[in-house]
Structure formats: structure tokens, C-alpha cells
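Visitor: This is a predicted model, with the sequence first.
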Amino acid sequence: MSSAGKFLAGFVVGGAIGAIAGILLAPKSGEETRREICDTSKDLLKRADETVKEIKEKADDVMSDMQKKGDEIKEKLQNLLEKQKTEA
């Protein structure tokens, strides 16, 4: 996982821990706390899903770039081999 991916994952986990700690330490009724936990959980799941999608998109971009570069290298090697054969 890249540094950016690790940072985003850490950011999401840190946000979740902070939100849960804030909810549990707040002086509210049980019903309010449960509602807030539910809302916060939904928000965290949404953010985590968005983060996963961003990481997947970046990984797909990197793989695509690597494939293109690999194809370019393969083509150059084939051209060199053909040139060697015609010279020999």
C-alpha cells in the first residue's frame, strides 16, 4: 500500500476512534448517544467506502501505467531483436 493509501486509512481510523471517544464521553442520554453512534457509524462507513474507492482508482491507474510501460519495453525489445536478425 502506498504512503497516500496508508495515510488515508490512518485518517479514517483516527477519525473513527475520535468520534467514538467523543460520543462515549459526552454527557447525553442513552437514546441520544445511541442515535449519535448510529449516525456517526453511517458517516464513517460512507467515508471508508469513499477512501477504498479512491485507493482502488489510484491502484488501477498505477497498474494501467505499468502495463503501458511494459508494452513499450516489449515493443522496443522486439524491434531490437528484429534489427539484430536483419544485420546478422
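Guide: Received it, and whenever you're ready, just let me know what you need.
Visitor: Please work out the average pLDDT along the longest helix belonging to the chain.
Guide: Looking across the chain with DSSP state H, the single longest helix is helix 30-87. What helix 30-87 shows for mean pLDDT is 89.
Visitor: Who are the packing partners of that helix?
Guide: Counting contacts by 3 or more CB pairs under 8 Å, 6 or more residues apart in numbering; DSSP states H and E, helix 30-87 packs against helix 3-25. C-beta: built from backbone N, CA, C; applies to glycine.
Visitor: residues in contact with the helix it packs on?
Guide: Contacts with helix 3-25, where a contact means CB atoms under 8 Å, 6 or more residues apart in numbering, come from 1, 33, 36-37, 40, 44, 47-48, 51, 54-55, 58.
Visitor: Among those residues, name the buried ones.
Guide: Neighbour-count burial (16 or more other CB atoms under 10 Å) is assigned, among the contacts of helix 3-25, to 36, 40, 44, 48, 55.
Visitor: that older thread, in CSV: the contacts of helix 3-25, plus distance to residue 23.
Guide: As requested, those are exported to CSV (distance: CB to CB, whole Å):
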residue, distance to residue 23
1, 29
33, 6
36, 5
37, 6
40, 6
44, 11
47, 16
48, 17
51, 21
54, 26
55, 27
58, 32
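Visitor: Find the residue at the geometric middle of this structure.
Guide: With distances taken as CA atoms, centre = their mean, residue 55 lies nearest the centre of the chain, 2.0 Å away.
Visitor: Now it: closest residue in space that isn't a chain neighbour?
Guide: residue 5 (4.7 Å; CB to CB, 6 or more residues apart in numbering).
Visitor: Got the confidence number for that neighbour?
Guide: What the model reports as pLDDT for residue 5 is 72.
Visitor: and it, how many neighbours does it have?
Guide: Per other CB atoms under 10 Å, the neighbour tally for residue 5 reads 16.
Visitor: how close does it get to residue 56?
Guide: 10 Å (CB to CB, to the nearest Å).
Visitor: any idea how far residue 17 is from residue 53?
Guide: Taken as CB to CB, the span from residue 53 to residue 17 is 22 Å.
Visitor: what does residue 45 give?
Guide: The value you get for residue 45 to residue 17, if CB to CB is used, is 15 Å.
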